[in-house]
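J.: Sequence first, predicted model second:
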Amino acid sequence: MDITQLFNPVEEVTGVEIAQGFVRAAIVRRDKKGALSVIKKSAALPRGVVHNGKIMDAAALAAVLKEFRTGNKDLFPSKYIILALPPAFTFADTMQAPQLSPEQTEETVRLAMNTKNLFPRSSDDVYYDWQPARSHDAYHQEVLVSFALRERIAEYLAVCEAAGLEPLAFEPAALATTRTLHNFKDTNGIIVNIKDEGVEFALVSHDELRFSRFIAMPPVATLAEFESFISTELSRVINFYSVENPHDPEPRSIVLFSLFQQKKEIADVLSKNVGVSVENARSALDVPLEDASVAAYGAALRGAVRREDDTMISIMPVGTEEVYRVRRFGAYVSLWSDITGATAMLFAALFGGMWLIVTNAHTNMGTRIAQSQSASATALRITELESAAQTFNTVVADIAAAENMMYPWSEFIRALTPTLEYNGVTIKNITMPAPNGELTVGIVAATRDGAIAFRKELENSGRYESVRMPSLGIMQKENIVVHLVLKMKQQP
């Protein structure tokens, strides 16, 4: 066993998509030689449970997810998932900004959301996230921004919780699908994904998603009407990208995903009407791609990334990295609790064995002393026994001293943890240099008032001799990053 896994365990994460009346899931594994293996399965949903991405019957959907997970332990080795969200209510676009630090870029994205440049709703109505994108010049940087309505995200979070699943990230299906392809490594192209409720167009440049658009299915009566509709919308997507990126070449190829029987006829019409060739999907990892499960497979590829390295878009109330830090702190506390318990059991066993040795030695010693007193010739033997007893007493004293030096870490951690739980405050790290020393706690507070209130809560908890927090600047109002220095009170 690799002992480093105690502090950095490998978590297997399943990719999931809910679309087309099915729950589809996939997981990606690598063996010791690096060979890739993929498990993909699906489960049908009752009619009407999900419509256009909106959950209509949360209880029924949660029941299907729970049964699907319970019956497929190989597909769900843990409760952790990456969910590819339906395209009907997710949006993705690329915005340009000056060369800025990550913190300044975050503020730029926030301003863009609140000024409604990307979406006609404020940031209070949506969950959004961003990740760096390939820039077209040295003077600007570009970021891919994705967002979705808060009410839709809340619905999916509640269903996952009811099914016993813990999402590590929510991402647009277009982003998951892009991750699976190798068609656009050195060029621009378009992914066209036809679903029952509509068509999603995703423009990809050099294997990076640039933007995605979902168009609801129109009331068409014939295949010819649908072909005219999709050709028109595809032309608009190409024209939009050309206007927004005049120095970038137009898309040269299309990858079409569809479960309709007329997929080939649609591909031929698109090639003819738009003048862009349609080609077969090529997997980034040489794994056969299926139209039905391509988004779930893309989410599974993200699940195979180390959690601490996953800084990709996650449209959730808490980012992927923050979820990882919270769970890692819990694992850290649990690990040391187990170590302390195991150590206590070991010493109990040692002292139990030592007591038996002492009892046996005492009995033998008494017998030998009684025998030695019957004859003066055994006086020398008595002296040897006394010397052995003295040595034994010294060893017992050393063991008792070692026991007294052991610090009760489990009680320390058990007293510490509840005081650090506070709404709106996230613990980033804790430094404990010595049992009687000062603790350094790094936090991220949602607001300035929250940070101050957290400090006062610690002062009033009665657990600490002192609580020190540096003064907060007047301009620091949100996402306050600060380190508090605490000193625990000595327990009587």
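T.: Okay, I see it.

J.: pLDDT-wise, which helix or strand of this protein ranks last?
T.: Least confident helix or strand of the chain, by mean pLDDT, DSSP states H and E, is helix 320-373 with a mean of 59.

J.: show me where the chain has helices.
T.: For the chain, the helices defined by DSSP state H occupy 58-70, 102-114, 150-162, 173-180, 223-244, 263-274, 294-303, 320-373, 379-405, 409-419, 448-460.

J.: Those: lowest mean pLDDT?
T.: Lowest mean pLDDT within those: helix 320-373, at a mean of 59.

J.: so what's R110 up against?
T.: R110 is in contact with S123, counting by C-beta atoms under 8 Å, 6 or more residues apart in numbering. The way it works is simple: take the backbone N, C-alpha and C, and place the C-beta from them, glycine included.

J.: again, but for A26
T.: T14, G15, V38, I39, K40, K41, L75, S293, A296, Y297, A299, A300.

J.: ok, now with 10 Å
T.: 14-17, 38-42, 75, 82, 287, 290, 293-301, 303 (C-beta atoms under 10 Å, 6 or more residues apart in numbering).

J.: What of V287?
T.: A26, V28, L36, S37, V38, K40, T180, Y297, L301.

J.: shouldn't the second one be in contact with L75?
T.: No. Checked against C-beta atoms under 10 Å, the pair V28 and L75 is beyond contact range at 11.3 Å.

J.: Which one's more surrounded, these two?
T.: V28 (23 against 18; other C-beta atoms under 10 Å).

J.: From I82, how far out is the more buried one?
T.: Remark: distance between V28 and I82 (C-beta to C-beta, to the nearest Å) = 11 Å.

J.: So for those two, which residues contact both of them?
T.: V13, T14, G15, A299, A300, L301, R302, G303, A304, V305.

J.: Grab the most central residue of the chain for me.
T.: By C-alpha atoms, centre = their mean, the chain has its centre lying nearest to L168, at 3.5 Å.

J.: separation between that residue and H483?
T.: Taking C-beta to C-beta, one finds L168 at 27 Å from H483.

J.: V64: what's it in contact with?
T.: I18, F22, V23, A43, A44, L45, P46, V49, D57, V159, A163.

J.: which non-adjacent residue is nearest the second one?
T.: Nearest residue to F22 in three dimensions, chain neighbours excluded: S42, at 4.8 Å (C-beta to C-beta, 6 or more residues apart in numbering).

J.: Please name the bridge partners of the one you found.
T.: R24 (DSSP bridges).

J.: And the pLDDT at it?
T.: The model's pLDDT for S42 equals 96.

J.: Now do it: how many residues are near it, please.
T.: With other C-beta under 10 Å as criterion, S42 counts 18.

J.: Over to L350?
T.: L350 has 12 neighbouring residues, counting by other C-beta under 10 Å.

J.: Please determine how far it is located from I357.
T.: 10 Å.

J.: Could you do V278 as well?
T.: In terms of C-beta to C-beta, V278 sits 82 Å off from I357.

J.: ok, now V243?
T.: Taking C-beta to C-beta, one finds V243 at 88 Å from I357.

J.: between these two, which one's more packed in?
T.: Higher neighbour count among V243 and I357: I357, with 13 against 8, using other C-beta under 10 Å.

J.: my guess is the more buried one meets F392, correct?
T.: Yes. With contacts counted by C-beta under 10 Å, I357 reaches F392, the gap being 8.3 Å.

J.: now the strands: where do they sit in the stretch 1-150 of the chain?
T.: Assigned by DSSP state E, counting those that start in this stretch, the stretch 1-150 of the chain shows strands spanning 14-19, 22-30, 36-44, 50-51, 54-55, 80-85, 90-98, 126-133, 140-149.

J.: Report all helices and strands that the longest one contacts.
T.: Just to be clear, that refers to strand 140-149. The elements that strand 140-149 packs onto, with contact taken as 3 or more C-beta pairs under 10 Å, 6 or more residues apart in numbering; DSSP states H and E, are strand 90-98, helix 102-114, strand 126-133, helix 150-162, strand 166-172, helix 173-180, strand 208-216.

J.: what's the most buried one of these?
T.: helix 173-180 (a mean of 27; mean count of other C-beta atoms under 10 Å).

J.: ok, back up a step: could the helices and strands packed on strand 140-149 go into CSV alongside distance to L439?
T.: Converted to CSV, the helices and strands packed on strand 140-149 look like this (distance: least, C-beta to C-beta, whole Å):
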stretch, distance to L439
strand 90-98, 39
helix 102-114, 26
strand 126-133, 32
helix 150-162, 32
strand 166-172, 29
helix 173-180, 40
strand 208-216, 43
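
J.: Which among the ones you listed is found nearest to D248?
T.: D248 sits nearest to strand 208-216 of all these, at 9.0 Å, using C-beta to C-beta.

J.: Also compute the angle for that closest one relative to strand 90-98, please.
T.: Orientation check (axes from the mean of the first three to the mean of the last three C-alpha atoms, to 10 degrees): strand 208-216 against strand 90-98 gives 140 degrees.

J.: mind listing what's buried in stretch 466-485?
T.: Residues V467, M469, L472, I480, V482, L484 are the ones in stretch 466-485 that count as buried (16 or more other C-beta atoms under 10 Å).

J.: residues touching the residue lying closest to V109 once chain neighbours are set aside, list them.
T.: Closest residue in space to V109, ignoring its immediate chain neighbours: W130 at 5.1 Å, by C-beta to C-beta, 6+ apart. Counting by C-beta under 10 Å, 6+ apart, W130 makes contact with 92, 94-95, 102, 105-106, 108-110, 112-113, 143-147, 312-313.

J.: Please consider this matter closed, and thank you.
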